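K.L.:
output the structure for:
(2 chains)
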Amino acid sequence: MTDYREHIVKSFDDEIANVIHLVTQMATLVEEQYKLLYHVVDTGSPATTEDILENEPKLDNYDAEIRDAVITLITLRSPVAVDLRDILTSLRISTDLERLGDYAKNIAMRVATLEEIPETSVKNDILRLLNLVQVQLKKVIDAYVSKDLTKAKEVIKNDVEIDKTYNAIYEKIVDLIKGKVSKLRLLTYTKLLFAIKTLERAGDHIENVAEEIHFIVTGEHVDLKDEKKDSKLEHAIEESNK
Amino acid sequence: MTEQLKLSIKNLNVFYGDKQALYNINLNIMEKEVTSLIGPSGCGKSTLLKCINRMNDLVEICKTDGQVLLDSKDINDASQDPVLLRMKVGMVFQKPNPFPKSIYDNVAFGPTLHGMTNSKEELDHVVIESLSKSGLYDEVKDRLFDPGTGLSGGQQQRLCIARALAVNPEILLMDEPCSALDPIATAKIEDLIAELKEQYTIVIVTHSMQQAARVSDRTAYMHMGELIESGLTKTIFSNPQHQKTQDYITGRIG
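P.N.:
As a prediction, this is how the structure comes out:
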């Protein structure tokens, strides 16, 4: 139940709104980081990589600010029910967002050390994977702001697309490595493998956020069996039939 | 938790003259559990509590219909003796109200009245056992014949609990037992409640939602004479099913 009437104590409303506002701002900055990352992968722009590195500490600051605000709220207000869920999940969501920010920075730094991504098709594949992550990220932020359970469930369901795309790119790069490659090229491929794995993990953190939204709205932890296991299982069967 | 039904309130309506105080209350109270009644002032918590030991009999304009079944027997049945009922169903009030007698006499009063003991030794035993159960004995054993009213507020409240326990009740009703106490005395009473539920069924009315959350297994939320929602305390405070309950426990009622 998430019907928000005003509290008797008005400042309590303001304090909760502040925490939600901080989480939303932090999420928006993470979204920006992935937009910049897309540009880095696409163009290799060192200036854009710099922008990502500059933004990174701001995410840490948000994380710390949210943590302090949550501790104060719990100490002074003893929140229960939907308030408690809102407040506790903001703490978890900020941890996921902070990690998503780390990933964007790591990938940017890895890609920045490459002279270029060797095969155009691999580059396009990575951009496609990155785009899937961005779409999921945008959707989960929308779901958080509007406490939209349907959208959150879509995000949980759609993570499998990221997994599938990751697997396909992985296979492709491994095939390339199996061919005759120079040591330098091997290093490049390895870095790219790390990059795509990191993007796949980013997808998982976005899914975590969606699960937290599910908890805020329903008070129950998401039943992965319903929302996801089916499609995961299908995917596993698909894989084993290859 | 035994999950054994102790008290069953069925379709209970209570009127004070023309004014209806309780509307069709249905509530089950489990044996050897703590059940909290919460809700804003005037919602009927205390009235409901008083229906469990027929204290409302003492209010002339009060009429009740419906059933209050204690071990499947209606306590309002003509064959039931309210004095014996109140032996089975003890009560502790908001303000500690020891009799203006010695600590010993306060506790000995009930057993003496009901002729429960045959000798001074037996009576001594009941008094000491009751004071021990309420966690007071060690603090007062050297001054059992000092006036009960000379104790601190928290001690007086535990004296009242000992007095209620002395007649060997099955159910203990507590009407805001800690609202006049400081946090330390409150903690002692809450600790005591946790111990007492090993042997007794406890129903507690409290304005402190934190207290309800801390001490009770089940919680019932009342609003304007109606029982809105009851269930496991954990569920009521983490994910209530009714909007009114959520508004109240999160401080949104206006």
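
K.L.:
contacts and neighbour counts: CA atoms only from here.
P.N.:
Noted.

K.L.:
name the element the residue nearest to the spatial centre of chain A belongs to?
P.N.:
Closest to where the C-alpha atoms of chain A average out (Cα atoms, centre = their mean) is A:Ile206, at 3.6 Å. Counting by DSSP states H and E, the element that carries A:Ile206 is helix A:183-218.

K.L.:
the stretch 51-200 of chain B: helices as residue ranges?
P.N.:
For the stretch 51-200 of chain B, applying DSSP state H, counting those that start in this stretch gives helices covering B:82-88, B:103-113, B:120-133, B:137-140, B:153-165, B:183-196.

K.L.:
now do the residue nearest to the centre of chain A against chain B, distance only.
P.N.:
Distance of A:Ile206 to chain B, computed by Cα to the nearest Cα, to the nearest Å: 25 Å.

K.L.:
surely that residue touches A:Val140?
P.N.:
Yes: contact status for A:Ile206 versus A:Val140: in contact at 7.0 Å, counting by Cα atoms under 8 Å.

K.L.:
of all residues in the stretch 101-250 of chain B, which one is closest to chain A?
P.N.:
Residue of the stretch 101-250 of chain B nearest chain A, by Cα to the nearest Cα: B:Ser238 (4.2 Å).

K.L.:
so what's that residue up against?
P.N.:
B:Ser238 is in contact with A:Val80, A:Ala81, A:Val82, A:Leu84, A:Gly219, counting by Cα atoms under 8 Å, 6 or more residues apart in numbering or on different chains.

K.L.:
what does the stretch 151-254 of chain B have sitting close to chain A?
P.N.:
Residues of the stretch 151-254 of chain B lying near chain A by Cα under 8 Å from any Cα of the partner chain: B:237-241, B:243, B:246-247, B:249-254.

K.L.:
and which of those is nearest B:Gly115?
P.N.:
The shortest approach to B:Gly115 among these belongs to B:Phe237, at 44.3 Å (Cα to Cα).

K.L.:
before we move on, which element is that closest one in?
P.N.:
Take DSSP H and E as the rule and B:Phe237 turns out to sit in helix B:233-238.

K.L.:
run through who's touching the helix or strand just after that helix.
P.N.:
Per DSSP H and E, the first helix or strand lying C-terminal to helix B:233-238 is helix B:243-249. Applying Cα under 8 Å, 6+ apart, the set of residues contacting helix B:243-249 from outside is A:1, A:3, A:5, A:80-82, B:39-40, B:209, B:221, B:228-229, B:236-237, B:239-240, B:252-253.

K.L.:
give me that answer again for 6 Å
P.N.:
B:Pro240, B:Ile253 (Cα atoms under 6 Å, 6 or more residues apart in numbering or on different chains).

K.L.:
pLDDT value on A:Phe12, please?
P.N.:
As predicted, A:Phe12 sits at a pLDDT of 88.

K.L.:
count of residues packed around it?
P.N.:
If you count neighbours by other Cα atoms under 10 Å in any protein chain shown, A:Phe12 ends up with 18.

K.L.:
next, it: phi, psi?
P.N.:
In this entry, A:Phe12 is assigned phi and psi values of phi -60, psi -50 (degrees, to the nearest 10).

K.L.:
now A:Asp125: closest residue in space that isn't a chain neighbour?
P.N.:
With Cα to Cα, 6 or more residues apart in numbering or on different chains as the measure, A:Ile169 is the residue that lies nearest to A:Asp125, at 6.7 Å, once sequence neighbours are left out.

K.L.:
give the other helices and strands that the helix holding A:Ile206 contacts.
P.N.:
Helices and strands in packing contact with helix A:183-218 are listed as helix A:81-112, helix A:149-178; criterion 3 or more Cα pairs under 6 Å, 6 or more residues apart in numbering or on different chains; DSSP states H and E.

K.L.:
that helix to helix A:81-112, inter-axis angle?
P.N.:
Helix A:183-218 runs at 170 degrees relative to helix A:81-112, counting by axes from the mean of the first three to the mean of the last three Cα atoms, to 10 degrees.

K.L.:
for the record, mean pLDDT for helix A:183-218?
P.N.:
Looking at helix A:183-218 alone, the average pLDDT works out to 94.

K.L.:
how close does A:His221 sit to A:Glu212?
P.N.:
Taking Cα to Cα, to the nearest Å as the measure, A:His221 falls 8 Å from A:Glu212.

K.L.:
so the two - more neighbours on which side?
P.N.:
Counted by other Cα under 10 Å, A:His221 and A:Glu212 do not tie: A:Glu212 has more neighbours, with 25 against 13.

K.L.:
distance of the more buried one relative to A:Asp223?
P.N.:
Counting by Cα to Cα, the separation of A:Glu212 from A:Asp223 is 12 Å.

K.L.:
quick revisit: chain center to the helix holding A:Ile206: distance?
P.N.:
Its chain's average C-alpha position is 7 Å from that of helix A:183-218, according to Cα atoms, centre = their mean, to the nearest Å.

K.L.:
list the buried residues for it?
P.N.:
By neighbour count on 16 or more other Cα atoms under 10 Å in any protein chain shown, the buried set for helix A:183-218 is A:185-186, A:188-189, A:191-218.

K.L.:
so what does B:Asp182 look like in phi/psi?
P.N.:
Its backbone dihedrals place B:Asp182 at phi -80, psi 170, with angles given as degrees, to the nearest 10.

K.L.:
need the nearest residue in space to it, chain neighbours excluded.
P.N.:
The shortest distance from B:Asp182 to any non-neighbouring residue, by Cα to Cα, 6+ apart, is to B:Gly154 (7.7 Å).

K.L.:
what's the pLDDT at A:Glu238?
P.N.:
Model confidence at A:Glu238, expressed as pLDDT, equals 61.

K.L.:
who wins on neighbours among the residues of the stretch 151-254 of chain B next to chain A?
P.N.:
For those, the largest number of neighbours (other Cα under 10 Å) sits with B:Gln246, at 26 neighbours.

K.L.:
gap between it and A:Thr113?
P.N.:
Counting by Cα to Cα - B:Gln246 and A:Thr113 are separated by 54 Å.

K.L.:
please apply the same query to B:Arg218.
P.N.:
Counting by Cα to Cα, the gap between B:Arg218 and A:Thr113 amounts to 61 Å.

K.L.:
and the residue of the stretch 1-150 of chain B that's closest to chain A?
P.N.:
B:Pro40 (13.2 Å).

K.L.:
quick one: secondary structure of that residue?
P.N.:
Here B:Pro40 is recorded as coil under DSSP: H, G, I helix; E, B strand; the rest coil.

K.L.:
low pLDDT regions in the chain?
P.N.:
You didn't pick a chain, so chain A it is. Within chain A, the stretches falling below the threshold (pLDDT under 70) are A:1-4, A:115, A:224-242.

K.L.:
sorry, should have said chain B
P.N.:
Scanning chain B for pLDDT under 70 picks out B:1-2, B:254.

K.L.:
can we see that at 90?
P.N.:
Applying pLDDT under 90 to chain B flags the ranges B:1-3, B:56-60, B:78-80, B:83, B:179-182, B:185, B:188, B:251-254.

K.L.:
return the most buried member of the helices of the stretch 51-200 of chain B.
P.N.:
Mean neighbour count, computed with mean count of other Cα atoms under 10 Å in any protein chain shown, is highest for helix B:153-165 among the helices of the stretch 51-200 of chain B, reaching a mean of 26.

K.L.:
what is that one packed up against?
P.N.:
Here helix B:153-165 touches helix B:120-133, going by 3+ Cα pairs under 6 Å, 6+ apart.

K.L.:
who's in contact with residue 216?
P.N.:
You didn't say which chain, so I picked chain A. Counting by Cα under 6 Å, 6+ apart, A:Ile216 touches A:Arg85, A:Asp86.

K.L.:
um, chain B though
P.N.:
For B:Ser216, the contacting residues are B:Val34, B:Thr35, B:Ser36, by Cα under 6 Å, 6+ apart.
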